[in-house]
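*Asks:* model the following, please.
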Amino acid sequence: MTDKIILVVSFGTSYNNNRALTIGAIEKDIDEAFPDYEMRRAFTSQMVINILKKRDDLTIDNVEEALERALEDGVKTVIIQPTHIMNGTEYHFKIKDTVDKYIDKFENIPIAEPLLISDEDFEDLIASITSKGDYDDDTAVVFMGHGSPAESNMVYTKLQGMLKEKGFNNYYIGTVEAKPDYDDVLA
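*Replies:* Okay, here's the model as predicted:
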């Protein structure tokens, strides 16, 4: 065991195959890129954590549990790497506020930012998602996010606008729990 870990923090999903293909793939890439660190997982959705425990007998820590476990294990450095898209309520209340309680308990505990913070982040994401497709202009490409009632949810509208400005008129951004929603994508 090492005294340096990267805690990959995701909202989580109760869909096992989806978790392996998405969160698992990110964790694998991080683990391979940083061999001197132990990669650990935490979810911010207690509902998902509870479902996985009850249904699959799978234990996944929330952020506080993961940090407590790291303390018990004698970890000195914890790098917090969220997979969250935006600087929203999950990031602030379930990651940042929790980590703030542990600042003095570790030698080093930096928190990485969510994916979309600066205009350059949006540009990089657009370049990435539009460069891989082998589809024609008649194919709709839809990306769905979780969504949030918080002001930070505007990242989805901004991303949609930037895609349109760049001529990617067959790319659509939607969310499950906010705007733009399913009806906006179909409009």
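*Asks:* how near is residue 49 to residue 138?
*Replies:* As defined by C-beta to C-beta, to the nearest Å, residue 49 lies at a distance of 41 Å from residue 138. Every C-beta, even on glycine, is put in place using the N, C-alpha and C of the backbone.
*Asks:* how about residue 66?
*Replies:* For residue 66, the distance to residue 138 - C-beta to C-beta - is 45 Å.
*Asks:* look at those two and report which has more neighbours.
*Replies:* Just comparing residue 66 and residue 138: by other C-beta atoms under 10 Å the higher neighbour count belongs to residue 66, 22 against 6.
*Asks:* phi first, then psi, for the residue located most distally from the centre of the chain.
*Replies:* No residue in the chain sits farther from the centre than residue 138, which is 30.0 Å out by C-alpha atoms, centre = their mean. Note on residue 138: backbone dihedrals following degrees, to the nearest 10 are phi -90, psi 0.
*Asks:* next: residue 96.
*Replies:* Per degrees, to the nearest 10, the backbone of residue 96 is at phi -60, psi -50.
*Asks:* how near is it to residue 152?
*Replies:* 13 Å.
*Asks:* which one of the two has more residues nearby?
*Replies:* Per other C-beta under 10 Å, whichever of residue 96 and residue 152 has more neighbours is residue 152, with 19 against 15.
*Asks:* distance check, the more buried one against residue 120.
*Replies:* Distance, residue 152 to residue 120, using C-beta to C-beta: 18 Å.
*Asks:* so where's this protein shaky on pLDDT?
*Replies:* Within the chain, no stretch has pLDDT under 70.
*Asks:* centre-most residue in it?
*Replies:* The chain, centroid-nearest residue using C-alpha atoms, centre = their mean: residue 83 at 2.1 Å.
*Asks:* list the contacts of that one.
*Replies:* Residue 83 makes contact with 8-11, 23, 26, 115 under the criterion C-beta atoms under 8 Å, 6 or more residues apart in numbering.
*Asks:* now, among these, which is nearest to residue 101?
*Replies:* residue 9 (14.8 Å; C-beta to C-beta).
*Asks:* could you pull up phi and psi at that closest one?
*Replies:* phi -110, psi 120.
*Asks:* quick check, it in contact with residue 62.
*Replies:* No: using C-beta atoms under 8 Å, residue 9 is not in contact with residue 62; the gap is 9.1 Å.
*Asks:* can you give the domain ranges for this structure?
*Replies:* 4-105, 119-186 (automatic domain parsing).
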